[in-house]
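Visitor: For reference, the sequence and a predicted model appear below.
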Amino acid sequence: MCDMPDDRLPNSRGNRVCNPNNHHSTDASSTRGDTITTAHDGSVPTSSLAPAIAARLRKNDAGLVPAIAQEASTGDVLMLAWMDEEALARTLRTRRATYWSRSRQEYWVKGETSGHTQHVREVRLDCDADAILLIVDQTGPACHTGTHSCFDTDVLLHPDDRPSHVSGT
């Protein structure tokens, strides 16, 4: 199966790992024994999500599912971001909220540069399996604008608003 030199690829420890299809290799470099599947050409990793979970996800045409982050201690809805199968797999594996950036076309771990991290306590699918809920411990503001929640500033309807006031009639 690994007859050609190109069929064996180095992992991060310098060990050569068999790549029988010459399309994907396995990097078993994690100290916890996690296996990360990466594309042979170094492009975006293919999914390492458990097949049983992947089969349940109902993704949009871009292969994404909306992910809502909710603060464990307060119940506040913090933000909405997007996940593909690999972002979900990374989140489940590390308990660090990992999302797919539609604008940058790359994965990002919440708080990796800002320090405003999300430690994931629970991950839930909604009844249709087309939305993900992350119950998190938030450190610092969740929103890129510096507010606690991305839903703090633009309130369209307050509890005491009358429907006619909101509709403009």
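Guide: On my side now, so go ahead. From a predicted model like this one, the values you see are computed outputs, not experimental measurements.
Visitor: can you pull out the helices in this structure?
Guide: Taking DSSP state H as the criterion, the chain carries its helices at 51-56, 85-94, 163-167.
Visitor: tell me the most buried of the ones you listed?
Guide: Mean neighbours per residue, mean count of other C-beta atoms under 10 Å, is largest over the helices of the chain for helix 85-94, with a mean of 21. In short, each C-beta sits where N, CA and C put it, glycine included.
Visitor: Tell me the helices and strands packed up against that helix.
Guide: helix 51-56, strand 65-71, strand 98-101, strand 106-109, strand 118-125 (3 or more C-beta pairs under 8 Å, 6 or more residues apart in numbering; DSSP states H and E).
Visitor: Mean confidence (pLDDT) on the fourth one, please.
Guide: Here strand 106-109 scores 96 as its mean pLDDT.
Visitor: next one: the second one
Guide: Taken as a whole, strand 65-71 has an average pLDDT of 98.
Visitor: Report the angle between that strand and strand 118-125.
Guide: 130 degrees (axes from the mean of the first three to the mean of the last three C-alpha atoms, to 10 degrees).
Visitor: Just checking: what are the partner strands of strand 65-71?
Guide: The strands beside strand 65-71 in its sheet (DSSP bridges) come out as strand 77-83 (antiparallel), strand 132-138 (parallel).
Visitor: Check the fourth one too.
Guide: Strand 106-109 has its sheet partners listed here by DSSP bridges as strand 98-101 (antiparallel).
Visitor: quick one: contacts of the partner strand?
Guide: 64, 67, 81-84, 86-87, 90-91, 106-110 (C-beta atoms under 8 Å, 6 or more residues apart in numbering).
Visitor: Compare the strands paired with strand 65-71 and report which one is nearest to Ser47.
Guide: Judged by C-beta to C-beta, the one of these that comes nearest to Ser47 is strand 77-83, at 10.9 Å.
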